[in-house]
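Visitor: Turn this into a structure:
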Amino acid sequence: MKIIEVTDRNSLLIGQLLGVWESSVKATHLFLSENEIEDIKKYIPQALSEIPHLIIVENENQVPVGFMGIIEQHLEMLFISDKERGKGLGKELLQYGIEKYAISDLAVNEQNPLAKGFYEHMGFKVYKRTDHDEQGNPYPLLYMSR
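Guide: Numbers count the residues shown, from 1 in each chain. This next block holds a predicted model:
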């Protein structure tokens, strides 16, 4: 496995990362309906193109199997392909982000307890909760910091 910072965000890469995102979300965001996932999916390519720091993890075949996006010291997104979950890739990515970008905070869906537990294990603690996500949908967010 190899961690790479991506500057060339071509359509092939965006398509591959969209596949990683969808695989991850379907496995972990069980509170979202199929329609809601499809609605959110429309915004992911733009988010991937615009995030200041996009870091991917590739498998031995140079295929992306996970990624994270960072804005300043904020972890904006971290997704691991469902088939690759539980292998330590999220931990490797997050540690890279902490070491290189001093990631200090993030937001996670309250209804994704595995992610919350992962971030707690990595040293983050909840400091704030909202009843809705940043788009105003009824999905509580937990804001966490180190």
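Visitor: Share the number of residues neighbouring A107, please.
Guide: Close neighbours of A107, defined as other CB atoms under 10 Å, add up to 18. From N, CA and C alone the C-beta is placed, and that goes for glycine too.
Visitor: Describe which strands the helix or strand containing it pairs with in its sheet and in which direction.
Guide: Using DSSP states H and E, A107 falls within strand 105-109. Paired strands of strand 105-109, with direction, are strand 74-80 (parallel), strand 141-145 (antiparallel) (DSSP bridges).
Visitor: who touches the shortest one?
Guide: In other words, strand 141-145. For strand 141-145, contacts defined as CB atoms under 8 Å, 6 or more residues apart in numbering pick out 104-110, 116, 119-120, 124-130, 132-134.
Visitor: One more: stretch 74-90?
Guide: Here stretch 74-90 makes contact (CB under 8 Å, 6+ apart) with 1, 19-21, 23-27, 47, 51, 57, 59, 65-70, 93-94, 97, 103-106, 118.
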